[in-house]
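1. curious how this folds, go ahead:
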Amino acid sequence: MDDVDIALFDYDRYNTLYYFLMNADEQIYMRYGGRGPMSPISYLDLSSLEAALEQGLDLHQQYQKGELAKAGRPQPLFPRDIPAVFEGTTQKGRCVECHLIGDLQNVQRQRDGKLDRLAHMYRSPDIKTIGIDLDIPKGLVIAEARAEAQAAGMKPGDRMTHLNGARVWTFGDLQYQYDKVGRDAKQIRITVERKGDSVDLPITLPDYWWWTDLTYRQLSVEPRIYFKSRPLGKAEKRRHGLNPRGFASQVTAVEGFADILKLHQLKPGDIVFGVDGVERDDIANTAELFIKLHKNAGDTFMLDLLRDGKRTKMEVKTTSVAYRK
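-> Numbering: from 1, shown residues only. Modelled structure (predicted):
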């Protein structure tokens with residue numbers, strides 16, 4: 001990726017496979033790729049790729065005839081223009097790989113005080129969270145609509161065509177545009193084609209619609225704590241004498257690295273209700289999420305927790321991940 005214009009070829013760098021359908025004028029017609037949170041190949045399918053290529057050829061013919069508006073081009077940006085990327089790769093004679101750009105670009109944002117953890121760490125939100133299941137071989141055709149999507153009027157057989165007014169041809173397009181939605185947004189507008197008609201569907205976004213599992217992302221800006229937790233309900237919090245509006249959460253799993261790296265001695269069943277004396281946050285609904293949003297890799301802090309019904313404190317250290325494949 002040394003000499004690739006990463007402003008033009010913009011995408012979530014942790015995708016395993018990503019295509020740009022474009023012409024010699026460097027006009028991008030569409031994207032093909034994207035992934036689900038648990039699998040890199042969730043939305044990759046030969047039939048949908050073939051359909052995308054056919055649509056790409058059609059768009060190219062329109063472009064050649066002057067029927068397709070020419071899109072503007074972003075200001076060029078190369079990996080060497082990002083100091084942290086240059087220092088971590090080119091300067092050391094290393095290959096500039098996609099995932100390294102994704103990781104080190106966030107390092108640079110953190111250095112510059114411009115890291116937005118919600119937008120830059122929690123990338124590529126899962127459309128299933130709002131109730132959209134695709135008939136994957138058919139591209140953006142709805143197989144099943146549930147939850148918020150169903151409540152907005154989405155139906156099986158609908159074909160998505162726009163997200164917030166931006167044209168989407170493939171799941172890659174859809175995920176790219178969805179990732180651009182501000183994390184404080186309360187609603188998105190999806191346009192579908194239904195029996196030849198165009199239908200606008202305003203979809204209400206649920207709380208934490210942007211949340212995704214970070215496990216497969218090697219983000220050195222993420223404070224690694226190696227435990228998982230679930231939010232307690234208000235009734236559970238009251239039963240334990242905790243702030244009903246706080247982020248108290250119960251530890252559900254602890255990874256072995258926590259013990260190997262001597263980060264903490266948490267165990268499943270522990271209830272964490274405070275971090276350095278803070279018990280409530282406007283965004284985080286678990287102590288785990290609070291730490292990821294407010295602490296830096298390498299920080300040490302104190303947890304307030306309940307263990308076997310008794311209140312205690314525990315020191316926790318975090319670590320970062322340096323990763324090369």
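
2. send the alpha carbons of the top helix by length along the chain over as PDB?
-> Criterion DSSP state H: the longest helix present in the chain is helix 46-64. Listed next in PDB are the C-alpha coordinates belonging to helix 46-64 (Å, rounded to 0.1, in the frame of the first residue of the first chain):
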ATOM      1  CA  LEU A  46     -19.900 -15.300  -6.000                       C
ATOM      2  CA  SER A  47     -23.400 -14.700  -7.200                       C
ATOM      3  CA  SER A  48     -23.500 -11.200  -5.600                       C
ATOM      4  CA  LEU A  49     -20.100 -10.400  -7.000                       C
ATOM      5  CA  GLU A  50     -21.200 -11.400 -10.500                       C
ATOM      6  CA  ALA A  51     -24.300  -9.100 -10.100                       C
ATOM      7  CA  ALA A  52     -22.100  -6.300  -8.900                       C
ATOM      8  CA  LEU A  53     -19.800  -6.600 -11.900                       C
ATOM      9  CA  GLU A  54     -22.700  -6.600 -14.300                       C
ATOM     10  CA  GLN A  55     -24.100  -3.500 -12.700                       C
ATOM     11  CA  GLY A  56     -20.600  -1.900 -12.800                       C
ATOM     12  CA  LEU A  57     -20.400  -2.500 -16.500                       C
ATOM     13  CA  ASP A  58     -23.800  -0.900 -16.900                       C
ATOM     14  CA  LEU A  59     -22.700   2.200 -14.900                       C
ATOM     15  CA  HIS A  60     -19.500   2.400 -17.000                       C
ATOM     16  CA  GLN A  61     -21.600   2.500 -20.200                       C
ATOM     17  CA  GLN A  62     -23.600   5.300 -18.700                       C
ATOM     18  CA  TYR A  63     -20.400   7.100 -17.700                       C
ATOM     19  CA  GLN A  64     -19.000   6.800 -21.300                       C
END
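
3. which positions within that helix qualify as buried?
-> Ser48, Leu49, Ala51, Ala52, Gln55, Gly56, Leu59, His60, Tyr63 (16 or more other C-beta atoms under 10 Å). To be clear about C-beta, it is placed using only N, CA and C from the backbone, and glycine gets the same treatment.

4. stretch 224-235 now?
-> Arg224, Ile225, Tyr226, Phe227, Lys228, Ser229, Pro231, Leu232.

5. list just the nearest of those to Asp135.
-> Lys228 (32.2 Å; C-beta to C-beta).

6. spatially nearest residue to the closest one (excluding sequence neighbours)?
-> Distances taken as C-beta to C-beta, 6 or more residues apart in numbering place Ala253 nearest to Lys228, at 4.4 Å, with adjacent residues excluded.

7. before we move on, what about Asp207?
-> Per C-beta to C-beta, 6+ apart, closest to Asp207 is Asn285, 7.7 Å.

8. in this structure the one you found contacts Phe247, no?
-> Yes. The pair Asn285 and Phe247 qualifies as a contact (C-beta atoms under 8 Å) at a distance of 5.7 Å.

9. anything in contact with each of these two?
-> Common contact partners of Asn285 and Phe247 (C-beta atoms under 8 Å, 6 or more residues apart in numbering): Pro231.

10. so which of those two has more stuff around it?
-> Using other C-beta atoms under 10 Å as the criterion, Asn285 and Phe247 rank with Phe247 on top: 27 against 19.

11. give me the pLDDT for that one.
-> Note on Phe247: pLDDT of 97.

12. skipping its backbone neighbours, what lies nearest it in space?
-> Nearest one to Phe247, counting by C-beta to C-beta, 6+ apart, is Ala284 at 4.9 Å.
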